[in-house]
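> prediction below, plus the sequence it came from.
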Amino acid sequence: MAGLIKREDIDEVRQRTDIKEVVDGYVTLKGAGLGTFKGLCPFHDERSPSFTVRPQVGRYHCFGCGEDGDAISFVQKMDHTSFHEAVEKLAARIGYELRYEDGGTGPNREEVGKRQRLLDAHKIADEFFRAQLLTAGAAEGRNFLHGRGFDRTAAEQFGVGYAPQGWDSLLKHLRGRGFTDAELKLTGMFSEGNRGIYDRFRGRLIWPIRDIAGDTIGFGARKLYEDDQGPKYLNTPETVLYKKSQVLYGIDLAKRNIAKDRQLVVVEGYTDVMACHLAGVGTAVATCGTAFGTDHIKIARRLLSDDGTGGEVIFTFDGDAAGQKAALRAFEEDQRFVAQTYVAVEPSGADPCDLRQLKGAAAVRDLIGTRRPLFEFAIRASLKRHNLDTVEGRVAALRESAPVVAQIRDSGIRPAYVRELAGWLGMPIEEVSRAVGLAAKRAASGAPGTAGTAGAASTAGAPGAGQGTTPGQAGKPAAAPPSDAPIAFMRPDPRDPIAAMERQALEVVIQNPAVLGGEAALSGGAWERFEACHFVTPAYSAVHTAVRAAGLAHAGDPVAWVEGIRQEVPGPLQGLVSELAVVPLPASTPEALQRYCRDILARLFELQITRVKADKMGQLQRLDASAQPEEFQRLNRELMQLEMQRRALRMDS
């Protein structure tokens, strides 16, 4: 059995890994200051981005939920792997050969975690299906693709394959690659009968379903032969890897375009995704046998950076009754988006694949370009259910459509749709406006109360405390812990100017330790001055002590520097150190950053001088000058020296 990974190799992987590149595979990041990036947190649902990544120090921190860590912990949480597996994955990513304690060489295929074994099986099956599409037996599959306008290049681009008609073609192939039947049962690629397991997909065209990182986690299979008694489309069942409510087909191909164009197009099938991408709509994805739901929305919002600054989600549905029902179901989820939601329905009822065949790629792009707001579609759909030629019908239509208008988030657009609805109904604007207003009030009064949770944990020792509140939130006093409990630290009140000053100084020192030594430092022994500072806020005092204990030995290596400080603070404050390490500093250029850092430290040192001066002034006032002339003169000299130091600091900064 393999031993533990050597500590120095773990540190090497941590330092060599670009955390931004790792996070970029899951979250759309935008610049948020010099060397800092922000995006929507992948660990909780939020409307404004508070997930912050600082590549220089190799850490991330969410100011919304308090999650923090490095590249290793990020991979652990996102891919649900062990620490051991996460280090190995990152080492493979950068081409670093790990060493193990006791002469071990790392896990072999039999020792890899269950998830990785499943991924390996899917990768091999994916390759098998693609190779089979080129064989003589797959002629019907190639004819199907050709009949829908897809050539060999398109099939290769989307990894389309073919499952042979035999009962055990894939089974034999995977057994030959060393997989046991027990492992294969967990993949979802096999069914089980009286004689054991057999291929689930037989005589079908195959689409690989991949996660956002590009790993194949399941398959979708389309029936080709009349004697196939199965459903038209057959997908992988739920497995450890494949959760259909959390999967979007094509997300691996579309994620970059979604982030770049701030657009997500939701279509209904695999061939529709292919048609859209080939027509130039590279933001298209599809659900896999389920409605577009809450978990899909979370994925979409992270990629869109759904923070209220633009972005759009476009649903395409068939023009039939089922399509309208799906569109209205999507409208129910509209409030979960900040991005504007639209619907694009081809009047003839053609889906994107048919449209590309009948009218060409431009028609697909035009379909997306002629999208309509989803709430307009929902309003018109509600009106169609009533006879607007009668008074009763118009009143009933108003009752049904008014709540839809009331849900429109944009207060500037809502009045315009009140006027539109009045016109469609042939009713006075005032009457429609009253109905919409009443619907809004009913919705507000009927909504369940939402008690805020931010700041509920008021100590760094409580879950999420010291790290789970957005900067600017004041904490509440915590109950006193028992005498044998771990030390708890109250969340510093950001309204306290002293606490704010101490926080800014720690942000500067942790993120830019060069300001304490070297050419960038303030003159006059900046490190010694910082060591001598007295921090009055307990949490910041503990971090200050940790910085002093860590010393400047690793200050030249930002990742090791921050990790060293984290190891020196009490456990409840490790999240606070991460927070201080990634919070954006108010500077847009390296020169401005240096000025800011020097100014903040100068203010900290000046504050310390002011405190000492106040102490000595108190001593001086209590002193009898005639009785103790030498002491009086000494205190006066020290006060003068302190004042000179204060003035020098101002000149230096």
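Received it, and whenever you're ready, just let me know what you need.
> and for F315, the neighbour number?
Around F315 there are 26 other residues, counting by other Cβ atoms under 10 Å. C-beta coordinates here come from the backbone N, C-alpha and C atoms, glycine included.
> that one: helix or strand, and which one exactly?
strand 312-316 (DSSP states H and E).
> just checking: what are the partner strands of that strand?
strand 263-267 (parallel), strand 340-344 (parallel) (DSSP bridges).
> deepest-packed of the ones you listed, please.
strand 263-267 (a mean of 27; mean count of other Cβ atoms under 10 Å).
> show me how far that strand is from its chain's centre.
19 Å (Cα atoms, centre = their mean, to the nearest Å).
> just want the angle from the helix or strand just after that strand to strand 263-267.
Per DSSP H and E, strand 263-267 leads on to helix 270-278 as the next helix or strand towards the C-terminus. Orientation check (axes from the mean of the first three to the mean of the last three Cα atoms, to 10 degrees): helix 270-278 against strand 263-267 gives 150 degrees.
> what's next to helix 270-278, contact-wise?
Outside of helix 270-278, the residues within contact range by Cβ atoms under 8 Å, 6 or more residues apart in numbering are 148-150, 154, 157-158, 207, 220, 222, 249-250, 253-254, 265, 267, 282-286, 316, 351-353, 355-356, 361, 364, 368.
> picking that back up, other residues contacting the strand holding F315?
Residues outside strand 312-316 that contact it (Cβ under 8 Å, 6+ apart) are 262-268, 272, 292, 300, 304, 326-327, 330, 337, 339-346, 351-352, 367-368, 371, 374.
> quick check: which ranges of the stretch 101-250 of the chain have low pLDDT?
Counting by pLDDT under 70, the stretch 101-250 of the chain contains low-confidence ranges at 102-113.
> where do the strands sit along it?
161-163, 190-193, 196-199, 204-210, 216-223, 233-235, 248-249 (DSSP state E, counting those that start in this stretch).
> next, the buried residues of stretch 183-197.
For stretch 183-197, a neighbour-count test (16 or more other Cβ atoms under 10 Å) marks E183, L184, L186, T187, G188, M189, F190, I197 as buried.
> how much space separates S245 from P558?
Distance of S245 to P558, computed by Cβ to Cβ, to the nearest Å: 40 Å.
> what about those two, which has more around it?
More crowded of S245 and P558, by other Cβ under 10 Å: P558, with 23 against 15.
> could you list every residue that touches that one?
Contacts of P558 by Cβ under 8 Å, 6+ apart are Q56, V57, G58, Q511.
> tell me, how many residues neighbour the first one?
Spelled out, it's Q56. What Q56 shows, counting by other Cβ under 10 Å, is a neighbour count of 17.
> repeat that for the last one.
Counted with other Cβ under 10 Å, the neighbours of Q511 add up to 26.
> correct me, but it touches V57?
Yes: between Q511 and V57 there is a contact at 6.8 Å, judged by Cβ atoms under 8 Å.
> overlap of the contact sets of the two?
P558, A581.
> lowest-pLDDT helix or strand in the chain?
When each helix and strand of the chain is scored by mean pLDDT, DSSP states H and E, helix 321-332 comes last, with a mean of 64.
> which positions in stretch 17-32 come out as buried?
Under 16+ other Cβ under 10 Å, the buried positions of stretch 17-32 are T17, I19, K20, V22, V23, D24, Y26, V27, T28, L29, A32.
> what residues are up against the fourth one?
Shown in contact with V22 (Cβ under 8 Å, 6+ apart): A71, F74, V75, L90, R93.
> same question, the last one
With contact set as Cβ under 8 Å, 6+ apart, A32 has these partners: K38, T52, P584.
> neighbour-wise, which one of those leads?
Compared across those, T52 has the highest neighbour count, 26 neighbours, by other Cβ under 10 Å.
> please tell me how far the spatially closest residue to it that is not a sequence neighbour sits from E238.
Once flanking residues are discounted, T52 sits nearest to V582: 4.6 Å by Cβ to Cβ, 6 or more residues apart in numbering. Separation of V582 from E238 (Cβ to Cβ): 37 Å.
> between those two, point out the one with more neighbours.
The neighbour count for V582 versus E238, taken as other Cβ under 10 Å, is higher for V582 (30 against 12).
> that one contacts R54, doesn't it?
Yes: applying Cβ under 8 Å, one finds V582 in contact with R54, separated by 4.1 Å.
> now do the shared contacts for these two.
T36, Y60.
> what about P347? Give its phi and psi, please.
Dihedral pair for P347: phi -50, psi -30, per degrees, to the nearest 10.
> then the one 5 residues further on?
Reported as degrees, to the nearest 10, the phi and psi values for P352 are phi -60, psi -40.
> check which helix or strand S382 maps to.
According to DSSP H and E, S382 maps onto helix 374-384.
> likewise C65?
C65 belongs to no helix or strand, assigned by DSSP H and E.
> mind checking how far it is from E46?
From C65 across to E46, the span is 8 Å (Cβ to Cβ).
> cool, P428 as well?
Using Cβ to Cβ, we find P428 at a distance of 42 Å from E46.
> among these two, which residue is more densely surrounded?
Using other Cβ under 10 Å, the more surrounded residue of P428 and E46 is E46, with 19 against 10.
> how many other residues sit next to D389?
The burial count for D389: 8, using other Cβ under 10 Å.
> with G551 instead?
By other Cβ under 10 Å, the residues close to G551 number 13.
> what's it sitting at in phi/psi?
Here G551 shows phi and psi, under degrees, to the nearest 10, equal to phi 70, psi 180.
> so for it, what's the pLDDT?
G551 carries a pLDDT value of 82.
> what comes up buried for the helix or strand harbouring I565?
Per DSSP H and E: I565 is located in helix 558-568. Of the residues in helix 558-568, P558, V559, A560, W561, V562, E563, G564, I565, R566, E568 count as buried by neighbour count, 16+ other Cβ under 10 Å.
> with stretch 547-557 instead?
Those would be V547, R548, A550, H554, A555, D557, for stretch 547-557 by 16+ other Cβ under 10 Å.
> low-confidence stretches in the stretch 401-550 of the chain?
For the stretch 401-550 of the chain, the ranges with pLDDT under 70 are 446-488, 517-525.
> could you pull out the helices for it?
414-425, 429-446, 497-511, 526-532, 538-550 (DSSP state H, counting those that start in this stretch).
> what's the answer for the stretch 101-250 of the chain, then?
Under DSSP H, counting those that start in this stretch, the stretch 101-250 of the chain gives helices at 114-132, 139-147, 152-157, 169-176, 181-185.
> for those helices, which one ends up most surrounded?
helix 114-132 (a mean of 19).
> quick one, it and helix 169-176 angle?
Going by the same axes, to 10 degrees, helix 114-132 makes 130 degrees with helix 169-176.
> output the contacting helices and strands for helix 114-132.
The contact analysis (3 or more Cβ pairs under 8 Å, 6 or more residues apart in numbering; DSSP states H and E) places helix 114-132 against strand 161-163, helix 169-176, helix 181-185, strand 204-210, strand 216-223.
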